[in-house]
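K.L.:
let's see this in three dimensions:
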Amino acid sequence: MDNNYSLDLSSLSKELRLLLEILRTEEFDSIGLVKKELYLDIDWEGFLQLAWHHRVYPFIYYKLKKADDNRIPPYVIQTLYKEFKKNTLQMLHLSGEMEQVSELFTENQIRLLYLKGPVIATDIYGDISLRTSKDLDILISITDLKRAEELLLSIGYEKEVVPNVLNEWKWKSHHVVYLHPQKNIQIEIHWRLQPIPMKEPKFNELWERKRVSTLTSYPVYFLGIEDLLLYLISHGARHGWFRLRWLLDIHEMVRKGLELEDINPIISKYQNRKLVGQALILTSGLLKTQMNGGWKKLTERNDSKKIAQNAIDFIKGTESLLTIMSSKHYKDYSLKLMSYLQRFFSFLILFYPTSAELMTLRLPQPFHLLYFPLRPFLWVWRRIRQTS
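P.N.:
I've put the predicted structure just below:
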């Protein structure tokens with residue numbers, strides 16, 4: 001990173017500083033050499049809460065188990081071990097479902113790419129137990145969306161019911177959620193990597209660069225390494241990097257020798273330099289990621305520095321995503337992620353009717369077009385009702 005710039009990390013808690021130190025220590029034997037002062041007056045319950053919130057507890061346990069550091073209370077290791085075992089079973093459960101869904105979709109001529117879950121845990125960490133995942137995220141072509149839904153419903157999945165006006169889902173969302181009540185598995189079917197107006201590759205382009213996972217016997221496809229890195233960066237940035245798990249993914253991918261030359265054309269084509277720079281600044285500042293000159297060059301952007309510092313406020317806490325996204329700070333931050341053209345399109349989308357209008361004033365479907373001129377008045381009416 002630019003020697004004249006460094007993140008302001010003065011607001012980080014002692015517990016978070018220790019968590020980061022363990023995450024970035026590569027040699028297990030070296031964890032025992034972590035500065036003694038980092039262990040002083042640690043709130044170990046707070047440490048465990050942070051490890052859980054940031055979804056890095058499997059990685060933390062794996063390192064501490066190898067290090068055998070007696071400065072950490074035994075109950076902390078035992079708690080981490082219990083959660084590690086639960087996560088391993090969850091990832092095995094998801095792996096089995098991932099293979100079955102892949103076979104079902106492929107037999108019905110639906111191409112699918114897994115975005116996260118067990119496939120990237122194996123790809124990035126070499127072990128499904130070292131990364132967490134609560135569901136399966138699948139990317140398909142939007143032309144296959146109806147057929148994919150029929151297949152999932154046929155095997156016991158139930159679609160999340162979301163009110164819809166004038167096909168607002170095409171503009172306001174980029175995925176739909178399905179839950180299997182017996183298996184307790186959630187699947188998100190994506191037709192875009194990110195919400196509009198973020199610029200991204202078409203499905204066919206991603207399919208051409210796909211990789212096949214070695215995790216299952218039946219072929220399971222996932223994103224090419226360049227596309228995976230940019231997807232994880234865009235996803236993490238959009239969520240304010242409020243989970244360290246996403247930064248740890250980036251850290252591990254860069255640390256293992258991913259070259260900028262391989263990814264630079266895609267960064268340029270889809271205007272991701274600002275977000276890539278932000279991610280690299282954060283991983284360098286928080287996880288001490290070592291990178292070559294090409295990567296370092298991207299950390300010199302002033303706009304990347306600003307949004308990297310903005311993200312620290314989301315990283316240091318344990319608030320939920322819903323709480324974060326409802327804050328004024330996040331709304332200001334999310335605008336800074338976009339180009340001026342993306343901000344303009346985002347502004348236009350605000351005028352498209354939503355389910356909120358439907359809940360405020362129910363009109364028969366043939367009259368739903370009236371929600372366009374009525375939207376400002378209905379918005380004012382909702383605010384009046386909220387304050388009264």
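
K.L.:
the helix or strand harbouring residue 50 packs against which elements?
P.N.:
Element membership of residue 50 [criterion: DSSP states H and E] is helix 44-53. Secondary-structure packing of helix 44-53 (3 or more C-beta pairs under 8 Å, 6 or more residues apart in numbering; DSSP states H and E): helix 14-24, helix 57-67, helix 74-107. Glycine gets a C-beta too; all of them are placed from N, C-alpha and C.

K.L.:
among the ones you listed, which is nearest residue 286?
P.N.:
helix 14-24 (5.5 Å; C-beta to C-beta).

K.L.:
what sits up against the closest one?
P.N.:
Here helix 14-24 makes contact (C-beta atoms under 8 Å, 6 or more residues apart in numbering) with 9, 12, 31, 34-35, 38-43, 46-47, 50-51, 54, 56, 59-60, 63-64, 244, 248, 251, 286-288, 315-316.

K.L.:
please save the CA atoms from it in CSV.
P.N.:
Provided in CSV are the C-alpha atoms of helix 14-24 (Å, rounded to 0.1, in the frame of the first residue of the first chain):
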residue,chain,number,x,y,z
LYS,A,14,-9.0,-5.2,21.8
GLU,A,15,-11.0,-8.3,21.0
LEU,A,16,-11.2,-7.5,17.3
ARG,A,17,-7.5,-6.7,17.2
LEU,A,18,-6.7,-10.1,18.7
LEU,A,19,-9.0,-11.8,16.2
LEU,A,20,-7.3,-10.1,13.3
GLU,A,21,-3.9,-11.0,14.6
ILE,A,22,-4.8,-14.7,14.8
LEU,A,23,-6.4,-14.6,11.3
ARG,A,24,-3.3,-13.0,9.7
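
K.L.:
ok, back up a step: any idea of the mean pLDDT in the helix holding residue 50?
P.N.:
The average pLDDT within helix 44-53 is 97.

K.L.:
what does stretch 316-335 give?
P.N.:
Here the average pLDDT along stretch 316-335 is 93.

K.L.:
same deal with stretch 272-287?
P.N.:
The average pLDDT within stretch 272-287 is 95.

K.L.:
beyond the helix or strand bottoming out on mean pLDDT in the chain, next helix or strand please.
P.N.:
Within the chain, confidence by mean pLDDT, DSSP states H and E is lowest for helix 169-172 among all helices and strands, at a mean of 61. Later in the chain than helix 169-172, the nearest helix or strand by DSSP H and E is strand 175-180.

K.L.:
okay, now the domains of the chain?
P.N.:
Per automatic domain parsing, the structural domains of the chain span 14-349, 355-387.

K.L.:
which parts of the last one are buried?
P.N.:
Of the residues in domain 355-387, those buried under the neighbour-count criterion (16 or more other C-beta atoms under 10 Å) are 357, 358, 360, 368, 371, 374, 375, 378.

K.L.:
okay if I get the helices and strands packed on helix 44-53 as a markdown table plus mean pLDDT?
P.N.:
Converted to a markdown table, the helices and strands packed on helix 44-53 look like this (pLDDT from 0 to 100):
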| stretch | mean pLDDT |
| --- | --- |
| helix 14-24 | 94 |
| helix 57-67 | 90 |
| helix 74-107 | 97 |
